[in-house]
Every structure is written in C-alpha cells, then in structure tokens.
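Participant: Structure for this input, please:
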Amino acid sequence: MKKAFNFEFEEEKPNRLTYECSLDEDERLETSVENGVPFIYLNRSAMITMAKILIKMANGPYSNGFHLHLHKDFNEDAPDALVLLLPSEEEKGSSDSERGVEVGKRDRRAE
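Facilitator: Next up is the predicted model:
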C-alpha cells in the first residue's frame with residue numbers, strides 16, 4: 001500500500017521560517033549525546049512537524065548559513081534542543097546579528 005504526504009506552504013522571507021504544531025501540541029522532541037553519538041528522540045507527531053520544517057528549509061529561499069533553533073518539545077519557552085543549519089564555510093563562527101537571521105517562532109495555528 002502506498003501512502004502520500006502532501007504539504008503546501010507559503011514561501012516566507014529569506015531570513016524567517018515559521019512552523020505549525022498539531023492541535024494537541026503533543027510533540028515531543030529531546031536530544032542527547034550517548035557515547036559520542038547524537039540522538040534525536042521524536043514522537044510521531046514531532047516527526048511530522050520536523051519533516052515539514054526540513055521541507056520548508058530545503059525548498060525555501062534560505063541561503064547558506066541560515067539556521068533554526070528548535071526547543072525541547074517545540075516549546076519556545078523551553079531550552080534549545082537542536083539547531084538546524086544550512087552550512088556555509090565562510091560564515092562559520094559568525095553570530096545571528098552578523099548574518100541578519102531571525103530565528104523561527106512556533107505558530108500554533110491548526111493545519
């Protein structure tokens with residue numbers, strides 16, 4: 001049996017990415033490093049949210065060096081859990097303000 005994943009989104013500014021969480025806001029995102037290997041723990045709801053974020057980053061107007069801070073359980077009041085980065089050698093080590101990057105915010109609207 002084949003399954004389809006359809007996701008439509010509006011293109012955003014080159015320095016901004018927003019994302020939506022489920023109505024239940026039950027996403028669970030945690031990270032750790034075990035024996036030197038990074039682990040990302042996601043429940044199914046969080047996997048869908050992460051997939052949509054990655055699709056938007058891959059297909060959006062974002063340039064190398066763009067990054068997005070994701071917080072534990074996608075809760076903007078929680079500490080950072082993961083940073084997604086479109087790498088650029090010449091921008092390594094520069095700050096957000098030097099790049100003019102506005103980090104993403106959680107959008108609580110329903111899909």
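Participant: Just the mean pLDDT for the longest helix seen in the chain, thanks.
Facilitator: Longest helix of the chain, by residue count under DSSP state H: helix 44-59. Averaged across helix 44-59, pLDDT comes to 94.
Participant: Report all helices and strands that that helix contacts.
Facilitator: strand 18-20, strand 67-71, strand 80-85 (3 or more CB pairs under 8 Å, 6 or more residues apart in numbering; DSSP states H and E). The C-beta positions use only the backbone N, C-alpha and C, and glycine is treated the same way.
Participant: Report all helices and strands that the first one contacts.
Facilitator: The helices and strands touching strand 18-20, judged by 3+ CB pairs under 8 Å, 6+ apart, are helix 44-59, strand 105-107.
Participant: again with the second one
Facilitator: The contact analysis (3+ CB pairs under 8 Å, 6+ apart) places strand 67-71 against helix 44-59, strand 80-85.
Participant: try 10 Å this time
Facilitator: strand 18-20, strand 29-34, helix 44-59, strand 80-85, helix 96-99 (3 or more CB pairs under 10 Å, 6 or more residues apart in numbering; DSSP states H and E).
Participant: Check the last one too.
Facilitator: Other helices and strands packing on strand 80-85, by 3+ CB pairs under 10 Å, 6+ apart, are strand 29-34, strand 37-42, helix 44-59, strand 67-71.
Participant: Just name the most buried of those.
Facilitator: strand 67-71 (a mean of 19; mean count of other CB atoms under 10 Å).
Participant: residues in contact with the nearest residue to Phe66 once chain neighbours are set aside?
Facilitator: In this structure, Phe66 finds its nearest non-sequential neighbour in Leu86, 4.8 Å apart by CB to CB, 6 or more residues apart in numbering. Shown in contact with Leu86 (CB atoms under 10 Å, 6 or more residues apart in numbering): Met57, Ala58, Gly60, Tyr62, Ser63, Asn64, Gly65, Phe66, His67, Leu68.
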